[in-house]
Each structure stands twice: as C-alpha cells, then as structure tokens.
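S.K.: Return a 3D structure for these sequence lines:
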Amino acid sequence: MRIKIKLLGQLKHSVGKDEIVLKTDDSTMPLPGLLKTISKISGLSQYFHGEGPRHDIILFVNGKDHRVYSNDHVFSENIEVTLIPISHGGIELYYVSWGDIEKYSRIVAEKTSTDKYKVDVIIGIMRGGIIPARLIADYLGVRNLGTIEVMFYQRPGETRHKPVIRQPLTLDISDKNILIVDDVSDTGKSLQVAVSAITLYGPSQIKTATLYLKPWTTFIPDYYGASVTKWIVFPWEKNEVKRELE
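M.R.: Residues are numbered from 1 along each chain as shown. Next up is the predicted model:
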C-alpha cells in the first residue's frame with residue numbers, strides 16, 4: 001500500500017518537505033493504524049496527541065476530513081493524506097460577525113419560504129444552533145421553538161467519534177413539520193444524530209438548515225447560507241476558542 005502525505009503551511013517547514021510517500025506491505029489499513037503511522041514520522045509527532053492530530057491540525061484522507069470516517073473504517077487502496085494547520089502560521093480562522101449571523105439566518109428563512117415549507121416547530125441543536133434557530137423563528141413567525149443537545153466537538157479540530165445526545169427534546173412535535181437548525185454542518189454527524197432522534201417523536205416531516213456548510217460534510221442540509229472551508233469562529237465562542245488554542 002502507498003501512502004502519500006501532503007504538508008501545508010508551517011508543517012512543510014517543520015519537516016523540510018511538502019510531500020512524503022510511504023510504502024507498506026499491508027493490503028489494508030484501519031484509520032487508527034493510519035493515524036499512528038503518520039504520527040511516528042519525524043517532524044510530525046509534535047502535531048499529534050492521543051488517537052489523532054492536535055486540535056489546530058486538520059487531517060484529510062482521500063479528500064475527506066478524517067473525522068467523517070468511523071473509527072473502525074478500513075482503507076483497502078492507496079491513500080492520500082493532507083495535513084493542514086488552522087492557526088499559528090497556517091490557514092487563518094474565519095471569524096463570523098453578528099451581522100453575518102443575521103444575514104445567513106435571513107437567507108435560510110427566505111429559502112424555506114421559497115420552498116413553501118410550512119414550519120410548525122423549529123429545533124435548535126445546542127449550543128451553536130440556538131441563536132440561529134431563534135433568529136430564523138423570528139423571520140418566519142414561528143412561535144414553537146425547542147432544543148436538543150448533541151455533544152460532538154471537544155476542542156477546535158478535535159472531535160468525539162460518536163456524538164451523543166445529552167439533552168433530549170421536551171416539546172410535543174407529533175404530526176408537526178419540523179426545521180432542525182445548527183450553526184454549521186462540518187462532518188454532518190451531529191445533524192444525522194439529531195434527525196434520527198427527532199424522528200422518534202413522530203413528526204409529520206423533518207427538514208434541516210445550517211448557516212454554513214463544509215464541502216466535505218456527509219450531511220447536506222435542506223437549506224444553508226454559505227459554504228466555508230476554514231475553521232469558523234462564531235461570535236458567541238471567541239473567548240472559548242482563544243482559550244483552547246493557547
């Protein structure tokens with residue numbers, strides 16, 4: 001098996017090259033084994049900790065964020081890996097303003113109206129989806145607003161493998177048209193878990209919306225405002241992100 005590793009930003013300066021090619025006798029390689037193999041490369045070990053890359057590193061495997069794959073995923077062909085720093089000399093963080101939040105919440109609401117989808121209840125995914133959900137509810141004139149908490153992200157760039165629901169929905173939504181709202185669809189797993197959970201409450205129909213979409217997501221919402229590749233920093237989490245990156 002051939003593993004081609006591309007290095008961007010400060011990573012290529014740290015290693016002294018922008019590309020590394022490894023050849024192994026293995027015919028298959030599980031995701032944990034791949035991460036372990038990369039972490040042992042001279043000059044790269046400092047960018048890994050635990051079971052994956054450090055919080056300020058994004059790792060793509062065959063064009064997809066490695067977090068999209070399940071932890072037991074097995075690769076059976078040549079692998080192409082790209083390592084991208086998201087701060088400290090790498091790709092800049094994308095700071096979203098309150099004006100941006102209002103703009104894209106309005107765009108989502110307008111798309112919903114254009115689609116003639118009559119929303120009975122809006123459900124915001126905690127924590128990032130709460131404010132967009134409230135704004136969209138205001139634009140659409142929807143009074144029924146609920147929340148559900150799906151724990152997925154631990155730190156910027158670092159995730160849990162399996163999102164879990166910490167706070168279930170407490171609103172009666174049986175036979176209602178639902179709009180589930182989150183701030184961004186990154187890997188898409190949070191939205192998938194939320195939709196699966198909300199389905200159990202017996203709604204008539206479910207549609208989803210996010211302010212932003214990452215091009216590598218496995219879950220494309222019915223409505224979204226814009227596509228962004230950088231790590232998004234929302235106005236309600238600036239200090240949190242700053243603490244995590246220090």
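S.K.: make it CA atoms for all contacts and neighbour counts henceforth
M.R.: OK.
S.K.: Quick check: the gap between Gly124 and Val184.
M.R.: Per Cα to Cα, to the nearest Å, Gly124 is found 12 Å from Val184.
S.K.: just the helices in this structure please.
M.R.: For the chain, the helices defined by DSSP state H occupy 10-15, 31-39, 98-114, 130-140, 189-199, 238-245.
S.K.: ok, residues contacting the longest one?
M.R.: The set of residues external to helix 98-114 that reach it, using Cα atoms under 8 Å, 6 or more residues apart in numbering, is 132, 135-136, 139-140, 209-211, 223-226, 235.
S.K.: Taking those residues, please make a PyMOL selection of just the buried ones.
M.R.: Remark: buried members of the contacts of helix 98-114, expressed as a PyMOL selection using 16 or more other Cα atoms under 10 Å:
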select buried, resi 132+135+136+139+140+209+210+211+223+224+225
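S.K.: of all the contacts of helix 98-114, which comes closest to Gly63?
M.R.: Minimum distance to Gly63 across the contacts of helix 98-114 is 20.0 Å, recorded for Ala226 (Cα to Cα).
S.K.: these two touch, right, the closest one and Ala209?
M.R.: No. Ala226 is not in contact with Ala209 according to Cα atoms under 8 Å; the separation is 11.1 Å.
S.K.: rewinding a little: which one in the contacts of helix 98-114 is the model shakiest on?
M.R.: Here the lowest pLDDT out of these sits on Pro235, with 91.
S.K.: you'd agree that one is up against Gly128?
M.R.: No. Look at Pro235 against Gly128 with Cα under 8 Å: they stay out of range, at 10.3 Å.
S.K.: Highest mean neighbour count across the helices of the chain, which stretch is it?
M.R.: With neighbours defined as mean count of other Cα atoms under 10 Å, the helices of the chain peak in mean count at helix 130-140, which reaches a mean of 21.
S.K.: Excluding its own residues, what touches that helix? List them.
M.R.: Here helix 130-140 makes contact (Cα under 8 Å, 6+ apart) with 101-102, 105-106, 108-109, 113, 122-124, 143, 145, 147, 181-183, 211.
S.K.: got the CA coordinates for that helix in CSV?
M.R.: Taking Å, rounded to 0.1, in the frame of the first residue of the first chain, the C-alpha atoms of helix 130-140 are listed here in CSV:
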residue,chain,number,x,y,z
ILE,A,130,-29.7,28.1,19.5
ILE,A,131,-29.2,31.7,18.3
PRO,A,132,-29.7,30.9,14.5
ALA,A,133,-32.8,28.9,15.4
ARG,A,134,-34.3,31.9,17.4
LEU,A,135,-33.5,34.3,14.5
ILE,A,136,-35.0,32.1,11.9
ALA,A,137,-38.1,31.6,14.0
ASP,A,138,-38.4,35.3,14.2
TYR,A,139,-38.1,35.8,10.5
LEU,A,140,-40.6,33.0,9.8
